[in-house]
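Chemist: I need the structure of the sequence given here:
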Amino acid sequence: MKHFVIAQIFLLVYSWALTLTAGAQSTDNRNGEVDLLADLAPEGPVRNYAAYTFKSTRIINTHSIENVAAGVLDFRIMHRFGAINGGWYELWGLDQAGMRMSLDYGVTPWLTVGGGRTNVGKAYDGFLKIKILRQSSGSVERPVSVSLVSGGIASSLRWDQPERKNYFTSRLTYYHQLLIARKISEEISLQLTPTMLHRNLVASPEIPNDLWALGTGGRLKLSSRVSANLDYIWLPKAAELNVRNNLSLGVDIETGGHVFQLHVSNGRGLNEGQFIAGSVGNWNDGTVYFGFNLSRVFTVREPRALSSTR
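Modeler: The predicted structure follows:
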């Protein structure tokens with residue numbers, strides 16, 4: 001199946017990255033980041049890397065180009081409330097809540113691993129994010145940053161028909177994404193996210209197991225600690241699936257060790273299987289959902305300890 005082919009490509013890229021890192025161990029003098037393409041760089045001035053393309057490792061729903069720093073643990077809580085057009089009786093959606101709690105860890109400056117659990121669908125998820133290229137100027141110019149994300153989701157809902165033979169593999173969903181981002185200026189950043197989503201089990205033979213989508217995201221810096229974000233996912237087969245393309249608008253607020261993201265979206269989903277292929281809200285009639293992401297980081301390994309292990 002297609003997702004197995006993409007997973008093999010992912011493993012090939014991962015192995016290639018490990019080989020380069022073991023052979024070169026080249027770092028940026030300013031932040032200790034492993035440069036996977038250092039052997040290709042001519043001698044000359046130090047390269048200037050683009051930093052803080054986005055405030056957080058998520059634009060709103062989708063992964064951003066940012067990785068968790070090496071040795072740092074990111075504890076994240078994501079909340080999605082009910083429809084705003086529920087009115088006073090539902091307190092404009094606040095009476096209903098879906099939540100995902102997750103832990104993401106920076107294994108190296110170019111590798112982040114993470115996982116979480118959401119009460120929506122009682123789903124567990126995990127992912128790997130590998131930084132392939134980083135936007136830079138100077139001795140070597142790269143116009144964009146590129147990362148690869150590969151993840152899986154497992155539902156733990158009770159079977160609808162427990163008397164029949166059920167398979168664990170039917171619970172699984174996979175996704176693979178290429179993140180392509182550019183920091184255009186200090187105020188503006190953009191990202192494209194081509195995505196393949198595979199669901200092992202679908203409701204009927206007419207529904208495809210494999211779905212392709214294109215995510216687009218942007219950030220507008222309003223001040224040193226505040227930015228406005230947009231997150232949009234175009235799903236070509238949305239009409240056939242009776243769902244809508246996911247559109248989310250939000251604001252990021254950085255407060256020391258926290259990043260607080262407030263947003264409104266037409267989807268309540270909290271993992272890729274849900275918000276890519278399960279958004280049903282309509283911006284035109286107010287069926288949209290308020291939510292927030294709260295991120296708190298903890299240093300697990302000091303940078304000095306990291307360098308001493310190389």
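
Chemist: those strands in this structure, which residues are they?
Modeler: 48-49, 72-83, 97-108, 111-118, 123-133, 136-137, 145-155, 172-183, 188-199, 210-221, 226-234, 246-255, 258-265, 289-299 (DSSP state E).

Chemist: For the last one, name the packing helices and strands.
Modeler: This means strand 289-299. Counting contacts by 3 or more CB pairs under 8 Å, 6 or more residues apart in numbering; DSSP states H and E, strand 289-299 packs against strand 72-83, strand 258-265. Placement of C-beta: from N, CA and C, glycine included.

Chemist: Tell me the buried residues in it?
Modeler: 289-293, 295, 297 (16 or more other CB atoms under 10 Å).

Chemist: quick one: which of those residues is nearest to residue 138?
Modeler: residue 297 (28.7 Å; CB to CB).

Chemist: follow-up on the earlier one: would you turn the strands of the chain into a markdown table with distance to residue 91?
Modeler: Shown next, in a markdown table, are the strands of the chain (distance: least, CB to CB, whole Å):
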| stretch | distance to residue 91 |
| --- | --- |
| strand 48-49 | 45 |
| strand 72-83 | 9 |
| strand 97-108 | 11 |
| strand 111-118 | 22 |
| strand 123-133 | 26 |
| strand 136-137 | 48 |
| strand 145-155 | 29 |
| strand 172-183 | 32 |
| strand 188-199 | 33 |
| strand 210-221 | 30 |
| strand 226-234 | 25 |
| strand 246-255 | 20 |
| strand 258-265 | 16 |
| strand 289-299 | 11 |
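
Chemist: who's in contact with the residue lying closest to residue 144 once chain neighbours are set aside?
Modeler: Distances taken as CB to CB, 6 or more residues apart in numbering put residue 182 closest to residue 144, at 4.8 Å, once the chain neighbours are dropped. Taking CB atoms under 8 Å, 6 or more residues apart in numbering as the criterion, residue 182 is in contact with 50, 53, 135, 143-145, 189-191.

Chemist: follow-up on the earlier one: adding distance to residue 63 and pLDDT, write the buried residues of strand 289-299 out as TSV.
Modeler: Shown next, in TSV, are the buried residues of strand 289-299 (distance: CB to CB, whole Å; pLDDT from 0 to 100):
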residue	distance to residue 63	pLDDT
289	20	96
290	22	96
291	17	95
292	18	95
293	12	94
295	13	92
297	16	91
